[in-house]
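Asker: got a structure for you, letters missing:
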């Protein structure tokens with residue numbers, strides 16, 4: 001693995017409080033500059049972002065409540081983690097508040113786990129008891145495994161280097177984004193896209209179904225978190241048993257991605273046949289839960305439009 005670049009940290013103070021003495025002018029200036037840069041990086045997200053964007057080395061260490069090895073080539077998730085110390089955790093806490101449930105005894109099923117920015121903090125902080133992290137892209141998976149060990153949660157997180165699909169016998173072709181490692185996705189459309197998809201490199205990944213993964217995991221003890229860049233409908237098509245049990249589940253809802261994957265129709269069919277009855281739009285979490293049906297989903301799809309806008313849906317079964 002490429003050497004990790006460790007950001008400079010503020011040196012411990014001398015007991016006397018005096019500045020270190022001796023050394024050349026260059027050494028004294030270097031100590032002073034290191035001290036000021038370390039303080040700036042500790043307190044300024046904007047400074048950390050600038051530092052991240054200036055780096056040419058492949059990997060950096062991002063240290064907050066948890067520690068992550070991140071790629072400087074990834075300008076979205078890795079940059080955000082280095083800049084703000086976490087990514088998208090607020091959505092989980094919003095979902096839990098809306099459900100009104102305790103999650104510290106549940107297992108998080110993190111589908112599209114990337115480098116572990118959801119499952120690792122939640123396990124490390126005791127917000128969930130354990131996690132199953134599913135990440136199909138090989139390089140993301142290597143960083144995921146490294147970050148699990150780095151944060152000493154390997155006894156609580158099971159990592160799986162597979163994709164989820166409707167058919168367990170197929171391999172899937174993944175197209176790889178050059179600068180957004182959270183936007184690696186299943187390659188279905190051959191047409192030109194808004195993000196240069198026609199020029200992306202592709203890799204083949206093994207696939208399982210969600211029902212296979214859940215075969216030994218009680219649904220009543222599971223919280224599902226799914227972000228698969230539009231492929232959610234095909235994954236849910238391979239999960240009739242899981243959907244009958246209706247564990248709490250958050251899915252990304254991105255019309256552009258669904259159009260590229262031809263997955264909106266399978267999504268609606270799978271949810272029609274499920275035991276889920278309602279959903280919250282986490283983009284407007286203070287709005288009431290909505291009844292789950294095709295008309296409402298069509299309206300949401302049309303409102304967002306087939307461009308970049310997306311949201312996340314919290315699916316639940318409410319007693320009538």
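Answerer: Nice, thanks for sending it over. Quantities reported herein were computed from a predicted structural model and do not represent experimental measurements.
Asker: now the longest strand seen in the chain: buried residues?
Answerer: In the chain, taking DSSP state E as the definition, the longest strand is strand 201-208. Neighbour-count burial for strand 201-208 flags 203, 205, 207-208 (criterion: 16 or more other Cβ atoms under 10 Å). Every C-beta, even on glycine, is put in place using the N, C-alpha and C of the backbone.
Asker: farthest pair within those residues?
Answerer: 203 and 208 (16.9 Å; Cβ to Cβ).
Asker: what ranges does the stretch 1-150 of the chain have for its helices?
Answerer: 25-43, 45-54, 77-84, 89-99, 119-124, 138-150 (DSSP state H, counting those that start in this stretch).
Asker: who does the helix or strand just after the longest strand of the chain touch, helix- and strand-wise?
Answerer: Toward the C-terminal end, the helix or strand that comes next after strand 201-208 (DSSP states H and E) is helix 210-213. With contacts taken as 3 or more Cβ pairs under 8 Å, 6 or more residues apart in numbering; DSSP states H and E, helix 210-213 sits against helix 240-245.
Asker: pLDDT on the helix it packs on, on average?
Answerer: In this model, helix 240-245 has an average pLDDT of 97.
Asker: same for that helix, what does it pack against?
Answerer: Looks like helix 240-245 contacts helix 210-213, helix 264-272 (3+ Cβ pairs under 8 Å, 6+ apart).
Asker: so can I have a markdown table of those helices showing distance to residue 127, mean neighbour count and mean pLDDT?
Answerer: Shown next, in a markdown table, are these (distance: least, Cβ to Cβ, whole Å; neighbours: other Cβ atoms under 10 Å; pLDDT from 0 to 100):
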| stretch | distance to residue 127 | mean neighbour count | mean pLDDT |
| --- | --- | --- | --- |
| helix 210-213 | 21 | 19 | 97 |
| helix 264-272 | 27 | 18 | 98 |
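Asker: for residue 198, which of those helices is the nearest?
Answerer: helix 264-272 (21.5 Å).
Asker: what does the closest one rub up against?
Answerer: For helix 264-272, the surrounding residues in contact (Cβ atoms under 8 Å, 6 or more residues apart in numbering) are 166, 232-234, 236-237, 239-240, 243, 255, 258, 292-294, 297, 301, 315.
Asker: among those, name the ones in strands.
Answerer: Using DSSP E, the contacts of helix 264-272 in strands are residue 315.
Asker: so which of the contacts of helix 264-272 are in helices?
Answerer: 232-234, 236-237, 240, 243, 255, 258, 294, 297, 301 (DSSP state H).
Asker: and residue 290, what are its phi and psi?
Answerer: phi -110, psi 150 (degrees, to the nearest 10).
Asker: equivalent analysis for residue 226, please.
Answerer: Dihedral angles for residue 226 - degrees, to the nearest 10 - are phi -130, psi 120.
Asker: what's the answer for the one 5 residues further on, then?
Answerer: According to degrees, to the nearest 10, the main-chain angles of residue 231 amount to phi -90, psi 0.
Asker: need the buried residues of strand 201-208 in a markdown table (columns: distance to residue 85 and pLDDT).
Answerer: Below are these laid out as a markdown table (distance: Cβ to Cβ, whole Å; pLDDT from 0 to 100):
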| residue | distance to residue 85 | pLDDT |
| --- | --- | --- |
| 203 | 30 | 92 |
| 205 | 30 | 92 |
| 207 | 33 | 94 |
| 208 | 33 | 95 |
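Asker: can you name the residues in contact with stretch 286-298?
Answerer: Contacts of stretch 286-298 (Cβ under 8 Å, 6+ apart): 98, 267-268, 271-272, 276-281, 315-316, 318.
Asker: what comes up buried for it?
Answerer: For stretch 286-298, burial by neighbour count (16+ other Cβ under 10 Å) applies to 292, 297.
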